[in-house]
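Trainee: Sequence and predicted structure below; questions after.
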Protein chains: 2
Amino acid sequence: MECQEKALFSMTLAVDDTPIMRLLVAQINPTIGDLAGNTQRIIEGIDRGKSQQVDLVIFPEMALSGYPPEDFLLLPHFMEAIAERLEEIVRATANLAVIVGLPRHHPHQREKALYNSAALIHNQHVVDFADKILLPTYDVFDERRYFASGDEVKIWRLHGRKIAVTICEDLWQHGGCLRFASYCRDPIVELRAKKPCCLINLSASPYSLHKFGARLNICLNAARSLECPVILCNQVGGNDSLIFDGYSLHVSPTGLLQCCHGFQEEEMVIHLPEARPPIPMERNVIRDLSRALVLGLRDYFRKLGFKKACLGLSGGIDSAVVASLAAEALGPSQVLGVSMPSRYSSPESTRDAAALAQNLGIDYREISIEPVFESYLHTLDSPFAGRPSDVTEENLQARIRGMLLMAFSNKFGYLVLSTGNKSELALGYSTLYGDMCGGLAVIGDVTKREVYALAQWINRREEVIPKYTIQRPPSAELRPNQKDCDALPDYEVIDHVLQAYVEDHRSPHWIADHFQYPLPLVQDLVKRIHLNEYKRRQAPPVLRVSEKAFSIGRRFPIVQRWIL
Amino acid sequence: MECQEKALFSMTLAVDDTPIMRLLVAQINPTIGDLAGNTQRIIEGIDRGKSQQVDLVIFPEMALSGYPPEDFLLLPHFMEAIAERLEEIVRATANLAVIVGLPRHHPHQREKALYNSAALIHNQHVVDFADKILLPTYDVFDERRYFASGDEVKIWRLHGRKIAVTICEDLWQHGGCLRFASYCRDPIVELRAKKPCCLINLSASPYSLHKFGARLNICLNAARSLECPVILCNQVGGNDSLIFDGYSLHVSPTGLLQCCHGFQEEEMVIHLPEARPPIPMERNVIRDLSRALVLGLRDYFRKLGFKKACLGLSGGIDSAVVASLAAEALGPSQVLGVSMPSRYSSPESTRDAAALAQNLGIDYREISIEPVFESYLHTLDSPFAGRPSDVTEENLQARIRGMLLMAFSNKFGYLVLSTGNKSELALGYSTLYGDMCGGLAVIGDVTKREVYALAQWINRREEVIPKYTIQRPPSAELRPNQKDCDALPDYEVIDHVLQAYVEDHRSPHWIADHFQYPLPLVQDLVKRIHLNEYKRRQAPPVLRVSEKAFSIGRRFPIVQRWIL
């Protein structure tokens, strides 16, 4: 490595005669398994680094493969292709240093054959690899399924500087912000004696509602402990349920110096050392939630090769919010809203659905489900003779709607959006193969109260979602005068119980005590959460925006007798 | 522990004056989270051990919690309840030694807070714990999500003997039979110097087609390496997708000495030392497959509290086999078969469906889907104007059938069985929300060729499944003269590609070379496997019977661009 230490460029001198090093942080949006496309993105980033005359270009964790590639990592021919693509990247690094995240085979006899690694490349040579030490294996992360743990934090001596290279989780033990893990090692503490001049972190750190603040904090903690700047390069983009928010960071012990925008590809040039003062960071949580969902939805379509979405418009707030997000993500002309009234639908529902479609500029159709509903009832008349009407007939209506949307999908190539929210998904207040139909559950990790906040955000400039849609009490309109509140407690109560039970692992007794709710009410909600596991197992992928989403990251058996 | 070494019972003397030790192996069927019920089962086993005057009773891995309890392990109140139930068990062990598997908190600072452990209990005291060392984190196993690795194999000095206690995977590295893992440690090698007089292994080792032979082999390997008997106590029963087959073993270096039956709760008494000669072990692979599916189906219903199943009878072989398995698992009177002919159904299909129902003695109904199909076509007439008939109309028929079955489920409390096989699930030759509807995909991990073998097995004594059902070419009957072979290659080709690509991680090039298939054919099949990931994500749980089942144990992203 000695030969790599001499500076290849004549460097600008800072006022105190320290040579200034210039870094380009490339916050890119890779697609899982798109090795050709991701390689091209990386080489384009390298080329822009050259044209901006930087010394070092940094890419996110697993930039080459996308994250998480899951069991593709177990395919030998996939890993061979990764190694070939790395060579292509290396050839593009003439007179430049590059750090790029990728999975790699390691030569040791370990339980797992791979490292989650960063290739340290300089002037067309792979100088070394920095391997991830802390391997998250909780919630949505399964890294110990694939990876062995790296031995120590790598110090790269580049241009006479000691640069420490870490990967994502390696920072988090020191931050003390982990909710679901606690490691025996703290790479930041181990680094102190090595006195790096800066710490680089490659991340594929997924968005959740309050993740930005936590991520900034762990960077500040590390910067203060090591008394050096921390540069975090994060992925951006959606891959299945996970949304990577970007917001790559440059912090010093005094505070945040630079930050990429969230939810878009971006680059920033960093000077080391950097004397500029810290900047304030103001974020609107609901605006970010909206942008996260739009990005997740757009990337799901784009990366799968779909262009058009259709969804049922009930006149209610959930479908109105999903239609608005889809119109923003795909363009209004790519979205079809279908109103499918029955005998129980109020005229206001159809009116509001039509008004919403007009406000958004999306395609709109009205199709009565009555004839099909009638023919089902007639077909089932004899087998069901003597039985009163019950949830069967309610589910039939929801399922006819689902089938009509799927018919539009089959005939015209729409991808159907499912519109259920997290509160409904939690309690099973939804019909399997009915309103749960679809390729993507856009707001399946958004609580009902957050849905209202999103509706207000969407209406911030003008009335897009009709006022009455927001104001009237929620109803599934599957029987006369049905209201959500007949079957469900107040949404505030549901959200408290969801947060405490699902995210914080509190017991029903603790929850009842803490919120002063009747114990049977809490027990009933917890019971419904578990009894409806079977429905969620067949739900479409949910865009994850909380710390604990259903259908990903939360793993409970269907068959169980702990909660009855 | 010294005080535990003296024998509490006067022991029978063997011919060579070595005291004989008597063990009871209790192959029980716990339910996940049913701590009260599992505790009762364990205490009943202890009581039977007492009445049979044994010295030691052995229960399977995680007998107290059931396996796998998944994220219940993360709930502090769940783990507290486990600790309380352990005390209850301990109180029942007067004058007896017991080994029982359970999860437990450990006192160390480790990445994970729990051990997968065995409590070594003697005369109402927990003498020690033996902790699992090798933690499977591949395929269906996620043990590193929850558990820290134990330090060393525990030797329990009981009645003057050195008994080594291991848990499941701890045996398998030595066996060399692992396909998806290779550990750095081999607990059996580490044990050699300790010269145990016998090795006990608690297992929750799930069934797959050829697992028994592998399990017997690893036990023989360990027995020969350690020159002592190996006693493996396995769970039995179904929990979600996993089926535990039992077949608890007692082997000596010379061969298999004793074996519990598969697929049922059972106990065996073992004498140590045991001078009897090895026994032969003959198994019928297809009979075992049938018994595995019957047990998985029965336990899914029993443990969820369901009694009745309904399914569509198409006149084809898949639904015939599922109906036969359900009749055996639940009793014929608890099963409803529904024939739902359309304009494209042949008269033979309906005839065979009726004959099958009569042969099985199950309830039977015939409901034409024509009126509902007509009303859908009429409703969609205007939106679909000018478009030719295509897969949309085929899917409509499958979905009407699914909806009718779901209506029976809602109205009468049937759980719907889905009848798709693994070959169809692999290639997406099935309709989402149509024939994929249901609470359980009974043969979702059974290849089409295995389905035929099951049909022959079911018909071994008399014609249960009509001959024509077995003989005629498979067809979905969703358009005139449709045959599976129009859309799919020969099922032998599909099975070879599935085995090589899905189970063995071979590349399409390797497969084409090896089997001398055209590369485009193999690539097309591999592409269909990946393109249909979105359907499988919404499939009901599959009963796992192979080494690599869809919907559990195989984790691939929907959004990917590696296979296009």
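Mentor: Alright, I've got the coordinates.
Trainee: Please make it C-alpha for all contacts and neighbour counts, starting now.
Mentor: OK.
Trainee: residues in contact with A:Pro388?
Mentor: Applying CA atoms under 8 Å, 6 or more residues apart in numbering or on different chains, we find A:Pro388 in contact with no residue.
Trainee: Next up, phi/psi of it, please.
Mentor: Backbone torsions of A:Pro388, given as degrees, to the nearest 10, read phi -70, psi 160.
Trainee: Show me the domain layout of chain A.
Mentor: A:2-12+A:20-273, A:289-488 (automatic domain parsing).
Trainee: Distance from the chain centre to the first one, please.
Mentor: Put plainly, it is domain A:2-12+A:20-273. 18 Å (CA atoms, centre = their mean, to the nearest Å).
Trainee: how about a markdown table for the domains of chain A, with mean pLDDT added?
Mentor: Below are those laid out as a markdown table (pLDDT from 0 to 100):
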| stretch | mean pLDDT |
| --- | --- |
| domain A:2-12+A:20-273 | 93 |
| domain A:289-488 | 96 |
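Trainee: I'd like to know which of the ones you listed is closest to B:His271.
Mentor: Among the domains of chain A, the nearest to B:His271 by CA to CA is domain A:2-12+A:20-273 (36.9 Å).
Trainee: any idea whether A:Glu88 is helix, strand or coil?
Mentor: helix (DSSP: H, G, I helix; E, B strand; the rest coil).
Trainee: Just give the number of residues close to it.
Mentor: The tally of other residues near A:Glu88 (other CA atoms under 10 Å in any protein chain shown) stands at 15.
Trainee: Same check on A:Asp288?
Mentor: 18.
Trainee: my read is it is in a strand, agree?
Mentor: No: assigned with three-state DSSP, A:Asp288 falls outside any strand and is helix.
Trainee: who does A:Ala119 bridge with?
Mentor: Beta bridges link A:Ala119 to A:Val100, A:Phe129 when assigned by DSSP bridges.
Trainee: wait, doesn't it sit right on A:Gly101?
Mentor: Yes: using CA atoms under 8 Å, A:Ala119 is in contact with A:Gly101, at 6.4 Å.
Trainee: Give me the more crowded residue out of these two.
Mentor: More crowded of A:Ala119 and A:Gly101, by other CA under 10 Å: A:Gly101, with 26 against 22.
Trainee: just to revisit the earlier point, reformat the domains of chain A as JSON lines; add distance to A:Val542.
Mentor: Below are the domains of chain A laid out as JSON lines (distance: least, CA to CA, whole Å):
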{"stretch": "domain A:2-12+A:20-273", "distance to A:Val542": "5"}
{"stretch": "domain A:289-488", "distance to A:Val542": "5"}
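Trainee: For the spatially closest residue to A:Asn217 that is not a sequence neighbour, give its distance to A:Ala193.
Mentor: Sequence neighbours aside, A:Gly175 is the residue nearest to A:Asn217 in space, at 6.9 Å (criterion: CA to CA, 6 or more residues apart in numbering or on different chains). Per CA to CA, to the nearest Å, A:Gly175 is found 18 Å from A:Ala193.
Trainee: do the same with A:Gln358
Mentor: Look at A:Gln358 and A:Ala193: by CA to CA, they are 64 Å apart.
Trainee: Just want to know which of the two has more residues nearby.
Mentor: A:Gln358 (13 against 9).
Trainee: which parts of the helix or strand containing the more buried one are buried?
Mentor: In the assignment (DSSP states H and E), A:Gln358 maps to helix A:347-360. Neighbour counts using 16 or more other CA atoms under 10 Å in any protein chain shown place A:Ser349, A:Thr350, A:Asp352, A:Ala353, A:Ala354, A:Ala355, A:Leu356, A:Ala357, A:Leu360 of helix A:347-360 among the buried residues.
Trainee: Equivalent analysis for stretch A:545-554, please.
Mentor: Applying 16+ other CA under 10 Å to stretch A:545-554 flags A:Val545, A:Ser546, A:Glu547, A:Lys548, A:Ala549, A:Phe550, A:Ser551, A:Ile552, A:Gly553 as buried.
Trainee: Tabulate those (CSV), appending distance to chain B, pLDDT and secondary structure.
Mentor: Converted to CSV, the buried residues of stretch A:545-554 look like this (distance: CA to the nearest CA, whole Å; pLDDT from 0 to 100; DSSP: H, G, I helix; E, B strand; the rest coil):
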residue, distance to chain B, pLDDT, secondary structure
A:Val545, 18, 98, coil
A:Ser546, 17, 96, coil
A:Glu547, 15, 92, coil
A:Lys548, 12, 94, coil
A:Ala549, 13, 95, coil
A:Phe550, 12, 92, coil
A:Ser551, 10, 79, coil
A:Ile552, 11, 88, coil
A:Gly553, 10, 90, coil
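Trainee: got a markdown table for the residues you listed, with distance to A:Pro69 too?
Mentor: Shown next, in a markdown table, are the buried residues of stretch A:545-554 (distance: CA to CA, whole Å):
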| residue | distance to A:Pro69 |
| --- | --- |
| A:Val545 | 20 |
| A:Ser546 | 21 |
| A:Glu547 | 21 |
| A:Lys548 | 20 |
| A:Ala549 | 19 |
| A:Phe550 | 20 |
| A:Ser551 | 18 |
| A:Ile552 | 15 |
| A:Gly553 | 16 |
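Trainee: Return the residues of the stretch 251-400 of chain A in contact with chain B.
Mentor: Listed as neighbours of chain B in the stretch 251-400 of chain A under the rule CA under 8 Å from any CA of the partner chain: A:300, A:303-304, A:367-368, A:371-372, A:375-376, A:379, A:384, A:390-393, A:395-396, A:399.
Trainee: Say whether chain B is contacted by stretch A:65-73.
Mentor: Yes: Stretch A:65-73 is in contact with chain B by CA under 8 Å from any CA, via A:Pro69, A:Glu70, A:Asp71, A:Phe72.
Trainee: swap in stretch A:512-529?
Mentor: No: for stretch A:512-529, no contact with chain B is found by CA under 8 Å from any CA; the gap never falls below 12.9 Å.
Trainee: Tell me the secondary structure of the residue of chain A most remote from its centre, please.
Mentor: In chain A, the greatest distance from the average C-alpha position (CA atoms, centre = their mean) is reached by A:Gly386, at 49.3 Å. Secondary structure, three-state DSSP: A:Gly386 is coil.
Trainee: Could you pull up phi and psi at it?
Mentor: Dihedral angles (degrees, to the nearest 10) for A:Gly386: phi 90, psi 0.
Trainee: do you know how far it is from chain B?
Mentor: 11 Å (CA to the nearest CA, to the nearest Å).
Trainee: Please determine how far that residue is located from B:Lys411.
Mentor: Between A:Gly386 and B:Lys411 the computed distance is 11 Å (CA to CA).
Trainee: and what of A:Glu462?
Mentor: From A:Glu462 over to B:Lys411 the distance is 46 Å, taken as CA to CA.
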